[in-house]
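Q: Quick one, what's the 3D model for this:
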Amino acid sequence: MEKISSTLISWASILEPATPAQAETTATMPFIHPHVALMPDAHLGLGATVGSVIPALGAIMPAAVGVDIGCGMIAVRTQFTRQELPGYAAPLRESIERAVPLSAGVYNTTVTLDHTVERVVDLESRAAEADFDPAAYAGNWRLQLGTLGSGNHFIEVTVDELERVWLFLHSGSRGVGNKIAQHHIKVAQRLNERWWIPLPHKDLAYLVEGTDEFWAYIRQMRWAQHFALLNREEMMDRVVTAFEQWVGADVERHEEINCHHNYTEQEKHFGKQVWLSRKGAISARKGEAGLVPGSMGTASYVVTGRGNPVGLHSSPHGAGRAHSRSAARRLFTREQLRASMAGIEYRDTDAFIDEIPMAYKDIDQVMLDAAELVEVRHTLRQIVNVKGD
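A: Predicted structure coming up:
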């Protein structure tokens, strides 16, 4: 842990110079209480740093929540061990790729599965309670439920240190969540400009608690967070079905964890009720289960929170980028990606070069840095990886 300033504390040992500078700017906002916590996977983000935990009194910066509202991970531990699996995994990968629409802008064509319909009805009811129509942002939002997206979102079959099989995936609120976030970022910017509020960066524009605009954002953000949670559940149901068909037996869900890492909640820290935004960080209250994925081809971790008060009961959400996507494409090759994915069933394509492990921080170092924040329960190694272009 390093105290960078009176309002910025860092657990990151790997930081490019621009990242702490960006976090320091966020930490100067007048409503921060008591400090911003920089997680070990921190890297540059839109306005606020990815991998930062931002407690605010009476205000929220929509860009500090992020544009993929509610993005997070879900994992299910099955009753199977690696030795019980079929030897050839390509049919499973291909089955998952058929069951879950992949890539940016790719969605379902219909909503027919019973569990999908039930979740859509739930979201329709919650939208009515929140007094808004998600179709105003994305007319096809129902078709987006149960879809993965692209970038660092993934579906994996993994095994832990006891060779037990876990199903694991990472995704968020898709296009509808992005459009909700973008709308409210612009609302905050317009209001701050109207009120002559000086900002160190336009993406640190904030909404003031008690205003109609603040509560509209809260209602819609909470809906998007729930969409993201159900989106992961929906995909997991489809992955489980594909896995069952592959192994020829039903899956018993011995353990299931579903957690956000781009979201805001009201929490009490250092004696005051704050709006705590975790942008690329998970909740890590004492005894709380969490998930910290590595990059493509590296380990992921099932963790338990230590409830570190200075860390604002939070932990990193993954490895964190070390190189931008464009830089990674310049620096690395498809042959290097193949070497990194040796022994893992995946779709061999140039599209994933910017997801190569070397484009990310060393996940083992990230977890060492996080030792005061979480305890590692299980280390997961991939045997199947599914991603969108």
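Q: Just give me the longest strand of the protein.
A: Among the segments of the chain that qualify as a strand by DSSP state E, the longest is strand 374-386.
Q: need the helices for this structure, in chain order.
A: 18-27, 62-65, 90-99, 114-129, 141-144, 174-194, 212-247, 325-331, 334-340, 363-369 (DSSP state H).
Q: I'd like the distance from the longest one to the chain centre, please.
A: This means helix 212-247. 12 Å (CA atoms, centre = their mean, to the nearest Å).
Q: Which positions in it come out as buried?
A: For helix 212-247, the neighbour count (16 or more other CB atoms under 10 Å) marks 214, 216-243, 246-247 as buried. Just so you know, the C-beta spots here come from the backbone N, C-alpha and C atoms, and that holds for glycine as well.
Q: tell me the angle that helix makes with helix 114-129.
A: Put simply, helix 212-247 runs at 180 degrees to helix 114-129, going by axes from the mean of the first three to the mean of the last three CA atoms, to 10 degrees.
Q: Helix 212-247 to strand 374-386, inter-axis angle?
A: 60 degrees.
Q: Then the first one?
A: Here helix 18-27 points in a direction 120 degrees away from that of strand 374-386 (the same axes, to 10 degrees).
Q: Mind checking the pLDDT average for helix 18-27?
A: Average pLDDT, helix 18-27: 95.
Q: same deal with the second one?
A: Mean pLDDT, computed over helix 62-65, is 94.
Q: tell me what it is packed against?
A: With contacts defined as 3 or more CB pairs under 8 Å, 6 or more residues apart in numbering; DSSP states H and E, helix 62-65 has these neighbours: helix 174-194, helix 212-247, strand 262-269, strand 272-279.
Q: which residues touch residue 295?
A: 152, 318, 319, 355, 356, 357, 359, 360, 363 (CB atoms under 8 Å, 6 or more residues apart in numbering).
Q: what bridges to the residue nearest to it when sequence neighbours are not counted?
A: Excluding the flanking residues, the one nearest residue 295 by CB to CB, 6 or more residues apart in numbering is residue 360, at 3.9 Å. Beta-bridge pairing for residue 360 (DSSP bridges): residue 321.
Q: Check whether residue 360 really touches residue 319, as I assumed.
A: Yes. With contact defined as CB atoms under 8 Å, residue 360 reaches residue 319; the gap is 3.9 Å.
Q: Please enumerate the shared neighbours of the two.
A: Common neighbours of residue 360 and residue 319 (CB under 8 Å, 6+ apart) are 294, 295, 298.
Q: The spatially closest residue to the first one that is not a sequence neighbour: neighbouring residues, count only.
A: I take that to be residue 294. With CB to CB, 6+ apart as the criterion, residue 294 has its nearest non-adjacent residue at 3.7 Å, and that residue is residue 363. Neighbour count of residue 363, defined by other CB atoms under 10 Å: 23.
Q: ok, now how distant is residue 363 from residue 290?
A: Noted for residue 363: a distance of 15 Å to residue 290, by CB to CB, to the nearest Å.
Q: how about low-confidence regions in the stretch 201-350 of the chain?
A: Scanning the stretch 201-350 of the chain for pLDDT under 70 picks out no residues.
Q: Name the pair among the contacts of residue 295 with the greatest separation in space.
A: Within the contacts of residue 295, two members stand farthest from each other by CB to CB: 318 and 356, at 14.7 Å.
Q: Much appreciated, bye for now.
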